[in-house]
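Asker: structure, please.
(2 chains)
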Amino acid sequence: MATITNVRTLRRRIRSVQNTAKITKAMQMIAASKMRRAQQLSVSGRPYSEKMQAVLANVAAQSTDTEETNPLLTKREVKRIEVIHVTPDRGLCGGLPSNLNRSLGQFILDSSASVSVVGVGKKGRDFVARTGNDLRAFFSDMGDRPSLESVLPISHIAIEDYASGFADEVHVAYGYFVSTAIQRPVMHKLLPVEPAELEPGQKAGYIYEPRSADLLSELLPRFVEMQIYHAILESVASEQSARMVAMQNATDSANEMIDALTLMLNKVRQESITKELLDIVGGVAALEG
Amino acid sequence: MQLDIVTAEGSVYSGEVNAISAPGVEGELGVLSRHAPLLTVLQPGELRLRIADQEDLCLAVSGGFLEVMSNDVTVLADTIERSDEIDEQRAEEALKRAEERISGTDEGVDLQRAVASMKRSKIRIDLVRKRRHRGDPSS
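Answerer: The predicted structure is shown next:
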């Protein structure tokens, strides 16, 4: 910056940084208002998602010796894992997309089975395509307020691929919303459902109404839908929070930069005034002398 | 026993209850303390909670699941409303709309959805009327 000594170039630069600050400030405000809604949605959806997980874990732990087991509960040797990778569509949200992608990349490296990815969000798709991994399907533009219907095709693929034997495990990976400042990449197993650890007395077996096969064929798809839906809600909350913070930082540093540039501008201007004054004083002195 | 009612929008009820009566798909079912493990689908209907030293709490449930596991009851409801939150007029309008859709010959009508919507509205209206019948001064 030492090279900029001209008053005019300094002024131009200050103006350009001011414009940037205006844009980032606007984005910060937008993200902040979307963030509040998204955070509320994801946090209030947590009890349902957790309770459902608990119920399914209990179901999976029951001994099912009498009736045929639902295909979505059977464990198989893991040859291929399908990961539903939920990421933002757009950037300018700090390190969130790269953190998510890094955690997926690490998972693929560590996994002994081959991994197929169902991408939800453009940032994740780009990563999977760039690293040459298998992209099984891709969804985008879920929006800030995803509907449950928009999740159905995703859960359909997950269930289909698991039931048909294409994948032997289905995981879902997303940015878990911890707080406005913290979003943690998490991944958990969706299928097969991990059985709960029950005490011997609790394994007595459920009474199912209607019979277990019918009930499970209704409950399991619902479970997969809700878990994916909730993962997307968490992801939206994380994205908007991350964007809000990133834009706040951008605005702050733009303002800092404006201050520094203004200081420099004033110095340069004063110097030139002093120089002019000296010239005049020198000229007068020469005339008088 | 401990009861938790949750919907996708959040937790609706969490606390101790003495008895529950719920609309199972195979008929009305009552759950008392130390009930055997049970998992059932719920149909649209009335969920009634008996809470110690309180008046019964009635809720209109539109469907979902009910699980009983070692004295913990979990209701995963699609949607749920307390009877005093139901707007009778709105429910009646919704019922009329649904009936029109079913009787109409419009091609684009999703019959299944219309029938489900009619059932839900009917239950809401029933619940409000029953409440009034019992002489609840607040309604």
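
Asker: name all residues that make contact with the most centrally placed residue in chain B.
Answerer: Nearest to the mean C-alpha position of chain B, counting by CA atoms, centre = their mean, stands residue B:61 at 2.1 Å. With CB atoms under 8 Å, 6 or more residues apart in numbering or on different chains as the criterion, the residues that contact residue B:61 are B:22, B:23, B:42, B:44, B:45, B:46, B:47, B:75, B:77, B:78, B:79, B:80. Heads up, the C-betas are built off the backbone N, CA and C, glycines and all.

Asker: one more: residue A:261?
Answerer: A:1, A:10, A:13, A:14, A:17.

Asker: and these, which of them are buried?
Answerer: If you count burial by 16 or more other CB atoms under 10 Å in any protein chain shown, the buried members of the contacts of residue A:261 come out as A:10, A:13, A:14, A:17.

Asker: how far away is the closest residue to the third one other than its chain neighbours from residue A:9?
Answerer: This points to residue A:14. When the adjacent residues along the chain are set aside, residue A:14 lies closest to residue A:261, with 4.9 Å between them (CB to CB, 6 or more residues apart in numbering or on different chains). Residue A:261 sits 10 Å away from residue A:9, going by CB to CB, to the nearest Å.

Asker: what's the answer for residue A:189, then?
Answerer: From residue A:189 to residue A:9 the distance is 58 Å (CB to CB).

Asker: what number of residues are in the vicinity of residue A:253?
Answerer: 14 (other CB atoms under 10 Å in any protein chain shown).

Asker: start and end of stretch A:71-80, how far apart?
Answerer: The distance separating the two terminal residues of stretch A:71-80, taken as CA to CA, to the nearest Å, comes to 16 Å.

Asker: report whether that stretch contacts chain B.
Answerer: No: figure legend: stretch A:71-80 not in contact with chain B (CB under 8 Å from any CB of the partner chain); closest approach 13.3 Å.

Asker: quick one: buried residues of stretch A:186-199?
Answerer: For stretch A:186-199, using 16+ other CB under 10 Å, the buried residues are A:187, A:190, A:191, A:192, A:193, A:196, A:198.

Asker: gap between that stretch and the chain center?
Answerer: For stretch A:186-199, the gap between its own C-alpha mean and the chain's C-alpha mean amounts to 23 Å (CA atoms, centre = their mean, to the nearest Å).

Asker: check stretch B:89-100 too.
Answerer: Its chain's average C-alpha position is 18 Å from that of stretch B:89-100, according to CA atoms, centre = their mean.

Asker: who are the packing partners of the longest helix along chain B?
Answerer: In chain B, taking DSSP state H as the definition, the longest helix is helix B:111-133. For helix B:111-133, the helices and strands in contact under the criterion 3 or more CB pairs under 8 Å, 6 or more residues apart in numbering or on different chains; DSSP states H and E are strand B:45-50, strand B:57-61, helix B:88-103.

Asker: so which of those is the most surrounded?
Answerer: Using mean count of other CB atoms under 10 Å in any protein chain shown, the stretch among these with the largest mean neighbour count is strand B:57-61, at a mean of 22.

Asker: please name the bridge partners of the residue in the stretch 101-250 of chain A positioned nearest to chain B.
Answerer: Of the stretch 101-250 of chain A, the residue with the smallest distance to chain B, taken as CB to the nearest CB, is residue A:209 at 3.9 Å. On the basis of DSSP bridges, residue A:209 takes part in beta bridges with residue B:40.

Asker: residue B:40 is in contact with that one, correct?
Answerer: Yes: the pair residue A:209 / residue B:40 is scored as a contact, 3.9 Å apart, by CB atoms under 8 Å.

Asker: what sits in contact with each of those two?
Answerer: A:215, B:24, B:25, B:26, B:29.

Asker: and the first one, how many residues sit next to it?
Answerer: When you say that, I think you mean residue A:215. Neighbouring residues of residue A:215 were enumerated by other CB under 10 Å; the total is 20.

Asker: same deal with the second one?
Answerer: Taking other CB under 10 Å as the criterion, the count of residues near residue B:24 is 19.

Asker: check contacts around it.
Answerer: A:209, B:40, B:41, B:42, B:43, B:66.

Asker: where's the fifth one relative to residue B:77, distance?
Answerer: In this case it means residue B:43. Computed with CB to CB, the distance linking residue B:43 and residue B:77 is 12 Å.

Asker: identify the contacts common to the two.
Answerer: residue B:63.

Asker: between the two, which is the more surrounded one?
Answerer: residue B:77 (24 against 18).

Asker: residues in contact with that one?
Answerer: Residues in contact with residue B:77, defined by CB under 8 Å, 6+ apart, are B:5, B:6, B:7, B:12, B:42, B:47, B:61, B:62, B:63, B:64.

Asker: and which of these is nearest residue A:171?
Answerer: residue B:6 (23.9 Å; CB to CB).

Asker: wait, that closest one sits on residue A:48?
Answerer: Yes: in this structure, residue B:6 is within contact of residue A:48 by CB under 8 Å, at 4.5 Å.
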